[in-house]
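Asker: Sequence and predicted model, in that order:
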Amino acid sequence: MLFIQSLSILALLGVSSALPLFDDIGDGKLQFKIKFKDDAGYQVADKDFKTSGEIIKGKSEVKFNWDEDNLGKDEAKSYFKFYAYNDKDDKDPSDIFDCTLSGEHKQGHLDRTTDDYTLQGKYNWLDSKFKHEEARLTCEMKTSSDWAYNPTIDTNNMTYDKSGFNDDKDYTEEPI
């Protein structure tokens, strides 16, 4: 919108040609963040979910970057273990998930802001309520011994925020 308004102003001033006023901040890359709350943690993993490095516990975020040419391919997938804690002071996690974040779609030129999902230790582990078309997050619980109870997180099951609400609070269009 700013771009169109700027061109309109330049036309009124008699400028016949102009360069776009926005910079391609993405440099051909898609950046996406996963945020973790106080009662959660993560550990970077490979595609077989073998981990390396230490578990990062507590409020933090991790950034993922992919080349836009690789979106929708295996090269645009990142893997990590998500640890949920009943209490932020617990030493051992109550639940462990294997997670895959996949870069799906290129962002528009005016939408090159970093999007994110937020994970928490409480039940309903995904705190974000709306999905972003740029990236898909899937997590499969690995700590449940009951094969019938194997909860997963999949942002494909979420809706886009079409309602005008963007505060990511519990919101439903259906009466309860």
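Answerer: The structure has been received and is ready for your questions.
Asker: residues touching the nearest residue to residue 104 once chain neighbours are set aside, list them.
Answerer: Leaving aside its sequence neighbours, residue 104 sits nearest to residue 136 (C-beta to C-beta, 6 or more residues apart in numbering; 5.5 Å). C-beta here means a position set from N, CA and C on the backbone, and glycine is covered the same way. Shown in contact with residue 136 (C-beta atoms under 8 Å, 6 or more residues apart in numbering): 101, 102, 104, 154, 155, 156.
Asker: just checking, next helix/strand downstream of the least confident helix or strand in the chain by mean pLDDT?
Answerer: Every helix and strand of the chain was ranked by mean pLDDT, DSSP states H and E. The lowest is helix 2-12, at a mean of 39. Note on helix 2-12: by DSSP states H and E, the next helix or strand toward the C-terminus is strand 29-36.
Asker: Direction included, what does that following strand pair against?
Answerer: Paired strands of strand 29-36, with direction, are strand 60-67 (antiparallel), strand 115-119 (parallel) (DSSP bridges).
Asker: Could you save these as CSV and add columns showing mean pLDDT?
Answerer: Output for the strands paired with strand 29-36, formatted as CSV (pLDDT from 0 to 100):
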stretch, mean pLDDT
strand 60-67, 89
strand 115-119, 78
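Asker: didn't residue 133 look like it was pressed against residue 106?
Answerer: No: here residue 133 does not reach residue 106: they are 9.8 Å apart, not a contact under C-beta atoms under 8 Å.
Asker: Show me which of these two is the more surrounded one.
Answerer: residue 106 (17 against 13; other C-beta atoms under 10 Å).
Asker: Might you report the residue contacts of that one?
Answerer: 30, 68, 71, 134.
Asker: again with residue 45
Answerer: Residue 45 makes contacts with 51, 52, 79, 80, 81, 98, as judged by C-beta under 8 Å, 6+ apart.
Asker: Return the set of residues that bridge with it.
Answerer: Beta-bridge partners of residue 45, as defined by DSSP bridges: residue 51, residue 79.
Asker: Would you quantify the distance from it to residue 29?
Answerer: Distance of residue 45 to residue 29, given as C-beta to C-beta, to the nearest Å: 22 Å.
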